[in-house]
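*Asks:* build me a model from this:
(one chain, ligands or ions: 1)
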Amino acid sequence: MQQTYNAFVTGSTENPRWAYVDGVFVPFASAAVPLEDRGLEFSESLYEVVAVINGKPFRLADHVERMLQGARELGLQEGVPPLARWQHVVADLWARERFDSAILHAQLTGGTAAREHLPGQRKKPLFFAYLRPFTFPAPSLIAQGIAAVTVPEMRWQRRDIKTTMLLPAVLAKQQARQKGAQEAIFVGQDGYVNEGASSNVCVVRSGVVASPPPGERLLEGVTLKAVSELCAELGLPFHRRWVSLSDLKGADEVFIASTTTLIMPVVRLDGQLVGGGKPGPITLRLAYHFQKLFTGEQTAAAGSGPF
Ligand code: PDD
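*Replies:* Residues are numbered from 1 along each chain as shown. Okay, the predicted model is just below:
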C-alpha cells in the first residue's frame, strides 16, 4: 500500500497559540471574526499560505504581491499590509511560537458590514494571520510520489485570484480521497488541464517541462515560478502551453507544485500508472534542487533582513 500524503494529517496536531488580527497579537483561542464578516458571508476574501522554516518565510514578497493583485480586483488593496509589516508579523509570531517548520496562513476579508451584497458604507478590510506547525513532505515521500485523479472543472472563471471560495476544491479533494488519491486535477470542458485543487500541474515529455499558460484559468503559483527558475538554471526547457487530458495521461512524467506539497511526483493518474509508476528523473532532479533552494533560502536569509 502506497504511503499517502495529506499535509494536515502528517502535520503536527499542535495548535497555534497566537494570531495577528487587525493589527494586534491576540491568543489564538480567543481570536474571532464577526458573523457579518464579508469573507464569511460572501467569500469576499483572499488568502496566502507561506512556508516558514525556522522562522524564515520562503518567497514572502511573491505572496504579498499576489495578495495585492487580488485585493486590487476586489477593491481591498488598502487592507494589504506592506511587505515590511508582513516580515515583522512573521518574525513576531515565530518568536512566540518557535515552530521549526510551519505555514503562515494570512487572510484578508472585506471586513464587517450589515449584510448587503454591496454595502452602502465603505467598510474596513480585515487582515489576520497565524502560524500553524506543518510537516513538509520528506525526500523519502517525494521519492514515492502520489496518486491523482482528474475531475471536471467546476470552479468559477477567475481562478487567477487566490480567493477563499474553496468549496469546489474541497469537493474535488473529497473525490480524490474516495479514490485513494491525494490530489484532484481540474480539466476544463474543452478537455484541457487547468491545475490541481491546491497545486499547479506540470508534465514532462521528451525532456521538456510544460505547464498550462498563465491566465484566468489557473492560479500562478509561487512554487511554479521557482520551478521555471530552476529549469532555466539547469538548462531544462520550460514551456507554458495547453496540456490536453490525453497529453497529461501520456506524459513521461507528471508532477504537482505548491507551497505545501513542494515538487511532488504524480505516479498514478485515474488509476493508471504514470511513467511506469515511479517518479521520473527530471521530476526528481527538480525536486532535489527545489529542496536545496527551499532550505538554502531560509539559511541565506538568516543572516540578513529584518530578522
Ligand atoms: N494552495 N493552484 C491552486 C488552486 C492553489 O490553491 C495553490 C496553492 C497553487 C500553488 O500556489 P503556491 O505555489 O503559491 O502555493 C495553485 C495553497 C498551498 C493552499 O490552498 O493551501
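*Asks:* how about the strands of the stretch 1-150 of the chain, start to end?
*Replies:* 18-21, 24-27, 45-53, 56-57, 101-109, 126-133, 146-152 (DSSP state E, counting those that start in this stretch).
*Asks:* okay if I get the ones you listed as a markdown table plus mean pLDDT and mean neighbour count?
*Replies:* All C-beta spots, glycine's among them, are computed from the backbone N, C-alpha and C. A markdown table is the format used below for the strands of the stretch 1-150 of the chain (pLDDT from 0 to 100; neighbours: other C-beta atoms under 10 Å):
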| stretch | mean pLDDT | mean neighbour count |
| --- | --- | --- |
| strand 18-21 | 98 | 21 |
| strand 24-27 | 98 | 12 |
| strand 45-53 | 98 | 23 |
| strand 56-57 | 97 | 24 |
| strand 101-109 | 98 | 23 |
| strand 126-133 | 98 | 22 |
| strand 146-152 | 98 | 21 |
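*Asks:* burial count for Thr13?
*Replies:* A count of nearby residues for Thr13, using other C-beta atoms under 10 Å, gives 7.
*Asks:* near the ligand, which residues of the stretch 1-150 of the chain?
*Replies:* Counting by C-beta under 6 Å from any ligand atom, the residues of the stretch 1-150 of the chain lying close to the ligand are Val49.
*Asks:* where does the prediction get shaky in the stretch 1-150 of the chain?
*Replies:* Across the stretch 1-150 of the chain, the ranges flagged by pLDDT under 70 are 1-12.
*Asks:* can you name the residue of it nearest the ligand?
*Replies:* Using C-beta to the nearest ligand atom, the closest approach of the stretch 1-150 of the chain to the ligand is made by Val49 at 4.1 Å.
*Asks:* tell me who's in contact with that residue.
*Replies:* Val49 is in contact with Ile103, Leu104, His105, Thr259, Thr260, counting by C-beta atoms under 8 Å, 6 or more residues apart in numbering.
*Asks:* ok, it to Glu183 distance?
*Replies:* 15 Å (C-beta to C-beta, to the nearest Å).
*Asks:* which helix runs longest in the chain?
*Replies:* helix 281-302 (DSSP state H).
*Asks:* run the angle between that helix and strand 45-53 for me.
*Replies:* Counting by axes from the mean of the first three to the mean of the last three C-alpha atoms, to 10 degrees, helix 281-302 points 80 degrees away from the direction of strand 45-53.
*Asks:* could you list every helix and strand in contact with helix 281-302?
*Replies:* Where contact means 3 or more C-beta pairs under 8 Å, 6 or more residues apart in numbering; DSSP states H and E, helix 281-302 is packed against strand 45-53, strand 56-57, helix 139-142, helix 222-234, strand 253-258, strand 262-269.
*Asks:* need the contact partners of that helix.
*Replies:* Helix 281-302 has contacts (C-beta under 8 Å, 6+ apart) with 51, 53-54, 56, 58-59, 136, 139, 142-143, 204, 207, 209, 223, 226-227, 230-231, 233-234, 236, 252-255, 262-265, 279, 307.
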